[in-house]
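Student: Just the structure for this:
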Amino acid sequence: MTYILHNRPGSGGFVIEAVLDLAGADWRLETVDSPVSTPLPESFRAVNPVKQIPVLDLPDGTRMTESAAMLIHLAAAFPESGLAPPPGTSAHAQFLRWTVFLSNAVYEAVLRRTYPERYTADPAGADAVRQAALATLDQGFAVLEDAIVGGGFLLGESMTATDIYLAMLYYWHDRLRGGLPGCTAITRAVRAHPKVAPSWRRNFERG
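Tutor: Here you go, the predicted structure:
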């Protein structure tokens with residue numbers, strides 16, 4: 001009963017690696033041989049028709065795309081892991097809220113910042129797309145900063161899968177902007193977590 005994660009180092013599949021480790025799942029990594037921030041090989045369409053990573057093969061042989069959906073699914077599949085609050089609670093509603101917010105409002109802007117040429121038919125407009133994406137990211141992280149509650153994590157005193165998602169995205173953003181103490185503290189806590197640190201180093205601290 002093994003999960004198979006298709007990913008490349010430094011990409012968004014880090015959060016799924018970390019969640020699989022926290023869940024104690026039996027999984028293996030299928031590394032995509034392609035440098036981060038470069039187009040994936042055309043052959044990868046056989047794995048995902050839209051040629052995006054990560055992709056997660058479930059133990060029953062079915063396949064998932066969309067990292068936020070994987071995160072939510074794995075939290076439900078391993079309820080004893082503490083990856084998310086219990087379903088049906090108001091805390092779980094906030095878990096869903098911020099996971100989807102991070103996917104739609106933040107990760108999407110990361111993609112526009114990183115690949116601006118994909119979002120305009122005019123090559124001369126790529127820099128304007130990038131600047132607009134940075135403004136969206138500043139706004140999104142300001143909203144998240146205001147939402148961080150007592151205890152230091154997004155949902156309270158305990159780290160959830162949503163904090164791992166936030167940490168990955170803020171790490172990418174912080175290298176360009178930074179300056180938000182709540183988001184910075186969550187990112188530091190995530191990267192120092194003993195079950196997350198090996199995956200963090202493998203993805204973001206390579207030599």
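Student: Quick check: which helices or strands does the helix ranked longest in the chain pack against?
Tutor: When the chain is parsed with DSSP state H, its longest helix is helix 126-147. On a contact count with 3 or more CB pairs under 8 Å, 6 or more residues apart in numbering; DSSP states H and E, helix 126-147 meets helix 90-101, helix 108-114, helix 161-174, helix 181-192. Quick note: C-beta positions are derived from backbone N, CA and C, even for glycine.
Student: Would you mark the buried spots in the last one?
Tutor: Of the residues in helix 181-192, those buried under the neighbour-count criterion (16 or more other CB atoms under 10 Å) are 182-184, 186-187, 189-191.
Student: for those, which one is nearest residue 65?
Tutor: residue 190 (23.4 Å; CB to CB).
Student: which ones are touching the closest one?
Tutor: By CB atoms under 8 Å, 6 or more residues apart in numbering, residue 190 lies in contact with 18, 159, 163-164, 167, 196, 200.
Student: Could you tell me which of those count as buried?
Tutor: For those, buried by 16+ other CB under 10 Å: 18, 159, 163-164, 167, 196, 200.
Student: distance of the residue lying farthest from the centre of the chain from residue 112?
Tutor: Here the chain reaches farthest from its C-alpha mean at residue 124, the gap being 29.9 Å by CA atoms, centre = their mean. The spacing between residue 124 and residue 112, counted by CB to CB, to the nearest Å, is 16 Å.
Student: Next up, the contacts around the residue positioned nearest the centre of the chain.
Tutor: Residue closest to the average C-alpha location in the chain (CA atoms, centre = their mean): residue 165, at 4.0 Å. For residue 165, the contact set (CB under 8 Å, 6+ apart) comprises 15, 67-68, 71, 99, 102-103.
Student: Neighbour-wise, which one of those residues leads?
Tutor: Neighbour counts for the contacts of residue 165 peak at residue 15, which has 30 neighbours (criterion: other CB atoms under 10 Å).
Student: List the contacts of that one.
Tutor: Counted by CB under 8 Å, 6+ apart, residue 15 has contacts 67, 71, 161, 164-165, 168.
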